[in-house]
Every structure is written in structure tokens, then in C-alpha cells.
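S.K.: model the structure of this input:
(one chain, ligands or ions: 1)
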Amino acid sequence: MKKEILFTRDVIEKRVRELARVISHEYQERDLIVIGVLKGAFIFMADLIRSMSIPCRVDFVRLASYGAGAASTGKVLLTKDLDTSIRGKDVLIVEDIVDTGCTLSFLVNWLKERDPRTLKVCAFLDKRGRRRVSFEADYVGFTIEDGFVVGYGLDFNEMSRFFPDVWLVSEIGEGEQL
Ligand code: 5GP
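M.R.: You can find the predicted model right below:
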């Protein structure tokens, strides 16, 4: 296996603070609800809202890709719905990474049906080289072209979410652990 650090914890911290400043400015005096997409977004979301200077509510959804070939099928299923109503609220979806774009375009369409006042997306990473549906996040932490990344909430077989840095991993042998 090959692995290298792509974004250190210091670089991440600085970028998250910048995003939080922009978002805080945009959502002043608004009724903000931040919706995290489980599980990958939980660390980014926790850091982001603690760096913001405005109040917000939080809620979570969980999504699963289904059909043969997991993330690449393009079919998405909501496996945990919101606990609260978003009607008339300013909603900010927080996601770990945009890859094919299928998950977020599904979620945005799903949530639009609930009549939020506004609906935007903040993604920690934007993997631009693999889009299958056209999708642009409103706020992006870092842009990468391609490759498999882990850490800062992103997993490899449910491990590595707790890594404080983001790693680029390749050539993973069968049964190999990070
Ligand atoms: P999309 O629907 O945009 O293809 O995929 C979104 C989901 O795929 C992300 O929320 C994430 O769970 C997973 N994913 C996509 N790329 C990566 C990656 O490089 N590393 C990890 N750990 N998960 C990824």
C-alpha cells in the first residue's frame, strides 16, 4: 500500500476556520439548521460549527448507495431521516466529500421537497474528476482531482475516520489495514 498525507491537521484547521467565517457572515440573523451526512461528515461538522460565530441547530441524515458496486451505482437510499422540520429554515448540508455527485444531488432534491427557505451545501472535499451527475457545492474546503482519501471522518472499511490528517491511499493489498 502507498499512503501520503494530503492535508495536515494544521492546514485543515486553518481552512475550516476560513469556511466558518464566510458561513457565519452569510447566515447572520438567519434561522440556520446544519444537517450532517452520516457518518463521514461528523468530524468536519463538529469543527465547522464550533468555529462559527453564529448559533445553529443541528440534525443528521444517513444515506446508503445500493445495487451492485456500492458508491458507483448512482442509486441512493435514505436510511436515517431528519428528526426536525426544515420548513422555512435556512438549511446547510455538511458532507465529507463530493465524488460522483449522486449522493448530494439526491439529498438536495429530497430536502427541497420539505420547503426550506434556503438550501446550500458545504463539502469538506470536492473530488472533481469523477462526477457522474453535475453537482456544485456552495462551499468547498479543498478540491482534489481523483484518488481515495481517508481520515478526518473519511473511512476505509469503517477504520481511519479518527485520523486527524487526510491521507491519500493507493495500491491497497487484499486484507491490508491502514
Ligand atoms: P458520491 O455519491 O458523490 O459518489 O459519493 C459520496 C460518498 O462516497 C461520500 O460521502 C463518501 O462516503 C464516499 N466517498 C467518495 N470518495 C471517497 C474517498 O475518496 N474516500 C472515502 N473514504 N469515501 C469516499
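S.K.: now do the contacts for the residue nearest in space to the middle of the chain.
M.R.: Geometric centre of the chain, nearest residue: Glu95, 1.4 Å, by CA atoms, centre = their mean. The neighbourhood of Glu95, defined by CB atoms under 8 Å, 6 or more residues apart in numbering, consists of 37, 40-41, 103-104, 121-124, 137. Where you see a C-beta, it was placed from the backbone N, CA and C, and this is true even at glycine.
S.K.: swap in Asp115?
M.R.: Here Asp115 is in contact with 86-88 (CB under 8 Å, 6+ apart).
S.K.: narrow these to those in strands?
M.R.: Members of these lying in strands (criterion: DSSP state E): none.
S.K.: which of those residues ranks first by neighbour count?
M.R.: Ile86 (20 neighbours; other CB atoms under 10 Å).
S.K.: from memory that one sits against Lys112, does it?
M.R.: No - using CB atoms under 8 Å, Ile86 is not in contact with Lys112, being 9.9 Å away.
S.K.: mind checking how far Thr8 is from Phe163?
M.R.: 11 Å (CB to CB, to the nearest Å).
S.K.: now the helices for this protein?
M.R.: With DSSP state H as the criterion, the chain has helices at 9-26, 42-51, 102-112.
S.K.: and the residue lying closest to Lys127 once chain neighbours are set aside, how many neighbours does it have?
M.R.: Leaving aside its sequence neighbours, Lys127 sits nearest to Asp99 (CB to CB, 6 or more residues apart in numbering; 4.9 Å). By other CB under 10 Å, 23 other residues sit near Asp99.
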